[in-house]
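[1] Below are the sequence and a predicted model for it; my questions follow.
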Amino acid sequence: MAHSILVINGPNLNLLGTREPGIYGASTLEDVNALCVKTGVDNGAEVTCFQSNYEGAIVEEIHAARGKHDAIVINPAAYSHTSVAIRDALSGVAIPVYEIHISNIHTREEFRHHSFISAVAKTVVCGMGIKGYAASINAAIADLNEA
Ligand code: DQA
């Protein structure tokens with residue numbers, strides 16, 4: 001059976017394309033979703049995309065991933081820097097986590113330098129633009145193929 005990967009995008013990422021294009025680029029969330037699905041199709045994995053601006057909705061999507069998805073690729077956006085709830089949900093479901101940020105959070109404001117998610121992630125990709133989603137999905141597929 002094909003590997004199943006859930007891609008989660010957090011708050012404000014629905015505004016991609018118009019939101020601070022100097023930092024996040026011109027691609028829209030639809031472009032990101034299309035790239036994620038294509039990366040999966042090209043490598044034999046099924047990719048499902050989810051976006052929410054609500055912390056609780058993200059927590060519930062992570063809970064619902066149990067028994068359904070083999071890996072989670074997540075851009076927690078601003079919740080990276082604040083959310084113990086999302087981190088606990090990710091460790092609670094014990095599904096491998098691949099964290100991705102479009103921008104390089106380490107060259108930006110100090111408050112972006114720490115992510116609560118990184119300690120429970122297998123990989124952390126940042127600063128690659130939206131190509132980071134493809135890199136994270138490929139890393140997940142490579143790990144699942146090895147397992
Ligand atoms: C982001 C970086 C976060 O600091 C920010 O709050 C975002 C997007 C990124 O993809 O670069 O919303 O996760």
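    On my side now, so go ahead. Numbering: from 1, shown residues only.
[2] hey, let's count contacts and neighbours off CA atoms from now on
    Fine.
[3] Within range of the ligand, give me the residues from this structure.
    Asn12, Asn75, Pro76, Ala77, Ala78, His101, Ile102, Ser103, Ile105, Arg112 (Cα under 6 Å from any ligand atom).
[4] 5 Å - rerun?
    Neighbours of the ligand within the chain, by Cα under 5 Å from any ligand atom: Ala77, Ala78, His101, Ile102, Ser103.
[5] Could you verify my assumption that the third one touches Lys131?
    No. With contact defined as Cα atoms under 8 Å, His101 and Lys131 do not form a contacting pair (10.1 Å).
[6] still on that earlier bit, let's see which of the residues of the chain next to the ligand end up in strands.
    Residues of those located in strands (DSSP state E): His101.
[7] could I get the residues of the chain next to the ligand as JSON lines with neighbour count and pLDDT?
    Putting the residues of the chain next to the ligand into JSON lines (neighbours: other Cα atoms under 10 Å; pLDDT from 0 to 100) gives the following:
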{"residue": "Ala77", "neighbour count": "21", "pLDDT": "98"}
{"residue": "Ala78", "neighbour count": "16", "pLDDT": "98"}
{"residue": "His101", "neighbour count": "22", "pLDDT": "98"}
{"residue": "Ile102", "neighbour count": "19", "pLDDT": "98"}
{"residue": "Ser103", "neighbour count": "19", "pLDDT": "98"}
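[8] Count residues in the vicinity of His106, would you?
    When neighbours are counted by other Cα atoms under 10 Å, His106 registers 13.
[9] same deal with Ala34?
    Residues within reach of Ala34, counting by other Cα under 10 Å, total 14.
[10] Buried ones in the helix or strand encompassing Ile23, by neighbour count?
    Applying DSSP states H and E as the criterion places Ile23 in helix 21-24. Across helix 21-24, burial judged by 16 or more other Cα atoms under 10 Å covers Tyr24.
[11] Give me the next element, helix or strand, following that helix.
    Next along from helix 21-24, by DSSP H and E: helix 29-42.
[12] following that next one, which helix or strand comes up?
    Following helix 29-42 in sequence, per DSSP H and E, is strand 45-51.
[13] quick one: low-confidence ranges for this protein?
    Low-confidence segments of the chain (pLDDT under 70): 1.
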